[in-house]
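K.L.:
Structure of the sequence below:
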Amino acid sequence: MNYRHAFHAGNHADVLKHIVLLALIDAFKRKETPFFVLDTHAGRGRYLLASEESRKTLEIEDGVMRLMAQPQLPPVVERYLKAVQADNPVGSMICYPGSPLLAAQALRPQDRMAACELQEEEAAALKALFAHDGRVGVHPGDGYALLRSLLPPKANGDKIGRGLVLIDPPYEAQDAEYQHILAALAETLSRWPQATCAVWFPIKQRRSILHFFRKAAALPIKSALLAELLVRPDDSPLRLNGSGMLLLNAPWQFDRVLAPAMPVLKQHLGEKGASTRLEWLKAGD
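P.N.:
Numbers count the residues shown, from 1 in each chain. Have a look, this model is predicted:
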C-alpha cells in the first residue's frame, strides 16, 4: 500500500467523516454503560500540517480551515471544531487529529477502543500515540482480518454490548474494495449483531457504488442511513468529487442530529454545483 493520509488530512472528506464519528460517539455516551470503538484502518492518528505531504496538497485549506473561519455554526459542527482545536495550541493549528485520536479523546474511563493499521510506519506512530492510554489497543495488521479476534468486544472478561465499527480503507483496490467491505460488514454483524457500522466511501461517480448500497442494505440490520457531501458536480471519475458515510444500525433519529450540518458543509466547503444527501436506505422501526 502506498496511500498516505497525510496528503489529505483535514480535507472536506475528513470533515464529514469526523463530524459523523463524533456525533455517533456522543450518542453512545447518553447511556452510562460502556461502549467499544473499532477503527479498522486507523492511520497514524495525528498529522502535522507542516509536513511535506500536507504542504504539498494544502487540502486542509479547503476543508476544516474554512469552517474555522466562520463565526457561528450548528452545535454538531462546533463540537467537531472544538475537538480539532483541543489537539492544538490556543489560537493556532499545527496538527490535525485523525479518527482514532478524535475517538479516543471522546471516550470515558469505562469505554474501550481498538485501532488497526497495516502500514508498519503508521502503526508504529499510532502505538506511540496511545502508549499511555490503557483504554486503547493498537493492533498492527489488516483490519479486515483482525475483526475475528476483536469481535465481539470484551473488557476485563465481560462482553461490551454497544459500540461502533469504523471502516475507512484507502480504496487502493478501487471498486474491488467494496467486496472486502461487504465481507467485513457481514463478519461484524455475525459476531456483534447490535453493532453500529460506519463506512466512509469516496464519490467519483456515484453510479459505480449503487450496487454496494443495495448489498449493504440487504444485510441483517435494523437501519441504513446515508450521508453524502459532494463539493462539486458528480461528473468526473478522475478526482474526488465528494464522499459519504454509510451508517448501519445508526442510533434512533440520527438523521436529525446530522441534518443541521449538511447545508453548512455545502455552503462553506462546496464549489458551484455542490450538493448533499441525507437519506434512510432502510428505516428502522
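K.L.:
Show me which helix or strand of the chain is least confident by mean pLDDT.
P.N.:
Lowest by mean pLDDT, DSSP states H and E among the helices and strands of the chain is helix 52-57, with a mean of 63.
K.L.:
which element follows that helix toward the C-terminus?
P.N.:
Sequence order places helix 64-68 as the next helix or strand after helix 52-57, per DSSP states H and E.
K.L.:
by contact count, what packs against that next one?
P.N.:
In terms of contacts (3 or more Cβ pairs under 8 Å, 6 or more residues apart in numbering; DSSP states H and E), helix 64-68 is packed against helix 12-28, helix 75-85, helix 261-269. Where C-beta positions appear, they are placed from N, C-alpha and C, glycine not excepted.
K.L.:
wait, which of those is closest to A224?
P.N.:
helix 12-28 (13.9 Å; Cβ to Cβ).
K.L.:
for the record, mean pLDDT for the closest one?
P.N.:
Helix 12-28 shows a mean pLDDT of 98.
K.L.:
buried ones in it?
P.N.:
12-25, 27-28 (16 or more other Cβ atoms under 10 Å).
K.L.:
Next: stretch 61-79.
P.N.:
Here stretch 61-79 shows D62, G63, V64, M65, R66, L67, L73, P74, V76, V77, R79 as buried, counting by 16+ other Cβ under 10 Å.
K.L.:
And stretch 221-230, by the same measure?
P.N.:
I221, S223, A224, L225, L226, A227, E228, L229, L230.
K.L.:
closest to A6 among these?
P.N.:
Using Cβ to Cβ, those come closest to A6 at L229, 21.5 Å.
K.L.:
measure that closest one to P89 for me?
P.N.:
29 Å (Cβ to Cβ, to the nearest Å).
K.L.:
Show me what stretch 16-30 is in contact with.
P.N.:
For stretch 16-30, the external contacting residues (Cβ atoms under 8 Å, 6 or more residues apart in numbering) are 35, 37, 76-77, 79-80, 83-84, 99, 102-103, 106-108, 111, 162-164, 166, 168, 196, 198, 200, 227, 229, 243-245, 247, 250-251, 254, 257-258, 261, 265.
K.L.:
I meant stretch 83-97, not that one.
P.N.:
Applying Cβ under 8 Å, 6+ apart, the contact partners of stretch 83-97 are 9-10, 14, 18, 22, 45-50, 54, 60, 64-65, 68, 101-102, 105-106.
K.L.:
same deal with stretch 176-195?
P.N.:
40, 143-144, 147-148, 151-153, 161-165, 167, 169, 171, 173, 197, 199, 201, 209, 211-212, 215-216, 219-221, 248-249.
K.L.:
Tell me which of the residues you listed fall in helices.
P.N.:
Mapping those onto helices (DSSP state H) picks out G143, Y144, L147, R148, H211, F212, K215, A216.
K.L.:
quick one: which of those residues has the most company?
P.N.:
G143 (25 neighbours; other Cβ atoms under 10 Å).
K.L.:
wait, isn't it in contact with T40?
P.N.:
Yes. Using Cβ atoms under 8 Å, G143 makes contact with T40 at a distance of 3.0 Å.
K.L.:
who touches both of those two?
P.N.:
Joint contacts of G143 and T40 (Cβ under 8 Å, 6+ apart) are C116, I167, P169, A184.
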